[in-house]
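# one predicted model, sequence on top.
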Amino acid sequence: LKRISTSFKFSLSTMAPGIKCWSCPSSARLQGGFVAKESPASAAAAALTSRRLEERCVRLSITAEKQELLRVQRRVRALQRVVVRAKKCISVIRRKVTSARANLESFKKRGGPTTKAFRSLVAVKLRFKDTLKSLSVAKQEHAAARRQRKLQEEKLGKTYAKKQQCEKRQKVESLQMRQEKQRQALATRERKRQRQLEKRHREELACLKATQAASEQRLRERQGNATLKLKKASADRMRSLRAKHTDRTKSYRDWIASEEWRHADKFKRCVGGSLGNALCILRPKNQRHQYTLVYLHQFNCQGFGYAYNKPHYFYSSTKFSFNGLKIVFPNAPEMPITGQDGEVKPAWFDYLSDSDGVREDKVDMKSLRETRDRIFQLLHHEIGLVGGDASRVFIGGASQGGCTAIHCALQFPRVLGGVVGIVGHLLSCSPVPQAKRHMPISLYNGLDDYIMRWSWVRPTIRRLEHAGYSNLSIHREPGVGHDTGPKEREWLVDFLARHIPTAVQ
């Protein structure tokens, strides 16, 4: 074994004369004496080669030790056979000694000659002693051979353990080498992919720069075209505004020339009266009170605005003057509007939602009932002033006021003379009783109204048609929005002219 190990180390030294210690790759030395920095892959390969050479040496040692063990085992078996034969020979000699003693005793008893028998006994005893001595020597040699076999087995076990350890280290180093190779391959692929990505990035950057330049050019062209269109539209709008200003100036001059503004001599204003200061009244000046119109203003407005800014909506000294007509303008209470983040505004009822004209908003029934009770009190008072004739009392309103007026007229216990709704609608919560199906109802809406759009206002009015309301009048005006302007006066004059038969020119 020593010779095999020495020759194996000599072969290693001849295979790699520049390596200082083959079992330690990190201390590699070149032939010229310069220390070279090894890569992890080469270090792992050198370590794996060292482990393989060490494993080969261990295998040769195992082979030699196996052969030695076999030789020792053969020797043990041979010595065991020698011991067995010696034991057999001793047993035979013991029988011969016993037989010789028996012959000697028989000769002594007969009185015959005993010399020959004695000599035979002595010879057998000497042979027995020699055989016992040879048996003792064989047993000692057999025990020594068994001890040698046990030592050889232990040595072989250690060599096998060393072999297993070398195999494990070789597996670990092989795995490390494969991992290092995989890391190198992964790094190579990553560098290749990085180069490809950089190349692709440069190409996309160049493409984006070209696209950006083209987009900037198109944007400049669109900006130029838009500027030209804007200038043209601005010029057209200016011309349109000038034309509208001219038309309004002409209309105002015509209105001044018609002396319609002198209608103030036909009525007198008063605030409240017996019902308090929460309403404003236009009362006939030189005529007897015969008819009453309760008109409810729009959302976030006041009734004083009609009495002081738009009285010609109801009285005209040149076009149409109504005989004995009294106009009552209640003022809506101020309340926080839920649909508008609790902002406090004059309103007939609270809006729980704000759909921005897309659909009907949800109504707070409590505030609506309070307004209804107040309007009922006002209607009862006015009916009493005209002699108890409910047909001489009319109710109407604009926008939210129109919705409230229709709701109150349908729920009022008596049939009124008529209802007028300007840019309003029938509330979803309003009933349509059959007792009121002959009451005159006039509704006026603009087709360009984006607050109360005709698309959802029309189905609410259809409820009245399905309930059999025969005296229902619907007027739709194209080009009119929610802010009706002078159209409100025309619609009110049309309603009053058709429902006050005693009107005087």
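Received, thanks.
# next, the spatially most central residue of the chain: secondary structure please.
Nearest to the mean C-alpha position of the chain, counting by C-alpha atoms, centre = their mean, stands residue 355 at 28.3 Å. Following DSSP: H, G, I helix; E, B strand; the rest coil, we place residue 355 in the coil state.
# what's stretch 376-385 in contact with?
Applying C-beta atoms under 8 Å, 6 or more residues apart in numbering, the external contacts of stretch 376-385 come out as 274-275, 279, 289, 292, 294, 326, 328, 330, 389-390, 392-393, 395, 408, 412, 414, 416. Placement of C-beta: from N, CA and C, glycine included.
# give me the element residue 282 is part of.
Taking DSSP states H and E as the definition, one finds residue 282 inside strand 279-284.
# just residue 493 next, same as before
helix 487-499.
# what is the mean pLDDT for that helix?
For helix 487-499, the mean pLDDT works out to 85.
# among the contacts of stretch 376-385, which lie within helices?
residue 408 (DSSP state H).
# before we move on, the earlier item: so the closest residue to the residue nearest to the centre of the chain other than its chain neighbours, which state does it fall into?
Of all residues not flanking residue 355 in the chain, residue 361 sits nearest, at 5.5 Å (C-beta to C-beta, 6 or more residues apart in numbering). Classification of residue 361 using three-state DSSP returns coil.
# quick check: which ranges of the protein have low pLDDT?
Within the chain, the segments meeting pLDDT under 70 span 1-41, 44, 111-114, 252-278, 285-286, 307-323, 501-505.
# and the strands in it?
Taking DSSP state E, the strands of the chain run over residues 267-271, 279-284, 291-296, 325-330, 334-337, 343-346, 393-398, 418-422, 441-446, 472-477.
# could I get those strands as a markdown table with distance to residue 51?
A markdown table is the format used below for the strands of the chain (distance: least, C-beta to C-beta, whole Å):
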| stretch | distance to residue 51 |
| --- | --- |
| strand 267-271 | 114 |
| strand 279-284 | 111 |
| strand 291-296 | 104 |
| strand 325-330 | 107 |
| strand 334-337 | 89 |
| strand 343-346 | 87 |
| strand 393-398 | 102 |
| strand 418-422 | 103 |
| strand 441-446 | 98 |
| strand 472-477 | 101 |
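# now render those strands as CSV, adding distance to residue 157 and mean neighbour count.
Below are the strands of the chain laid out as CSV (distance: least, C-beta to C-beta, whole Å; neighbours: other C-beta atoms under 10 Å):
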stretch, distance to residue 157, mean neighbour count
strand 267-271, 124, 15
strand 279-284, 120, 20
strand 291-296, 114, 26
strand 325-330, 117, 24
strand 334-337, 98, 16
strand 343-346, 98, 13
strand 393-398, 113, 26
strand 418-422, 113, 27
strand 441-446, 110, 24
strand 472-477, 112, 15
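# out of these, the one nearest residue 483 is which?
Proximity to residue 483, assessed across the strands of the chain by C-beta to C-beta, is greatest for strand 441-446 (9.0 Å).
# ok, back up a step: so what's the residue count around the residue nearest to residue 355?
By other C-beta atoms under 10 Å, 18 other residues sit near residue 361.
# that one: what's it in contact with?
The contact partners of residue 361, taken as C-beta under 8 Å, 6+ apart, are 339, 351-355.
# if we go to 6 Å?
Residues near residue 361 by C-beta atoms under 6 Å, 6 or more residues apart in numbering: 351, 353, 355.
# and the first one, bridged to which residues?
I take that to be residue 351. Residues in a beta bridge with residue 351, per DSSP bridges, are residue 363.
# could you give the number of residues near it?
19.
# about what we covered before: out of the strands of the chain, which comes closest to residue 247?
Smallest distance to residue 247 across the strands of the chain (C-beta to C-beta): 18.5 Å, for strand 472-477.
# need the CA coordinates for that closest one. PDB is fine.
Extracted in PDB, the C-alpha atoms of strand 472-477 (Å, rounded to 0.1, in the frame of the first residue of the first chain):
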ATOM      1  CA  LEU A 472    -104.600  69.300 -20.700                       C
ATOM      2  CA  SER A 473    -102.600  71.700 -23.000                       C
ATOM      3  CA  ILE A 474     -99.000  71.000 -23.800                       C
ATOM      4  CA  HIS A 475     -96.800  73.500 -25.600                       C
ATOM      5  CA  ARG A 476     -93.200  72.800 -26.800                       C
ATOM      6  CA  GLU A 477     -91.100  75.600 -28.100                       C
END
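# mind listing residues that contact it?
Contacts of strand 472-477 (C-beta under 6 Å, 6+ apart): 441-447, 464.
# which of the residues you listed sits closest to residue 176?
Residue 176 lies nearest to residue 447 out of those, by C-beta to C-beta, at 85.9 Å.
# tell me which strands and helices the lengthiest helix in the chain is in contact with?
What stands out as the longest helix in the chain, according to DSSP H, is helix 115-257. In terms of contacts (3 or more C-beta pairs under 6 Å, 6 or more residues apart in numbering; DSSP states H and E), helix 115-257 is packed against helix 40-110.
# quick check: angle from the helix it packs on to helix 115-257?
Relative orientation of helix 40-110 versus helix 115-257 (axes from the mean of the first three to the mean of the last three C-alpha atoms, to 10 degrees): 150 degrees.
# from memory residue 48 sits against residue 172, does it?
No - the criterion here is C-beta atoms under 6 Å, and residue 48 misses it with residue 172 at 9.7 Å.
# more neighbours: which of those two?
Applying other C-beta under 10 Å to residue 48 and residue 172 shows that residue 48 carries more neighbours, namely 21 against 13.
# how about the contacts made by the more buried one?
Contacts of residue 48 by C-beta under 6 Å, 6+ apart are 173-174, 177.
# rerun at 8 Å
By C-beta under 8 Å, 6+ apart, the contact set of residue 48 is 170, 173-174, 177.
# most neighbours of all these, which one?
residue 173 (21 neighbours).
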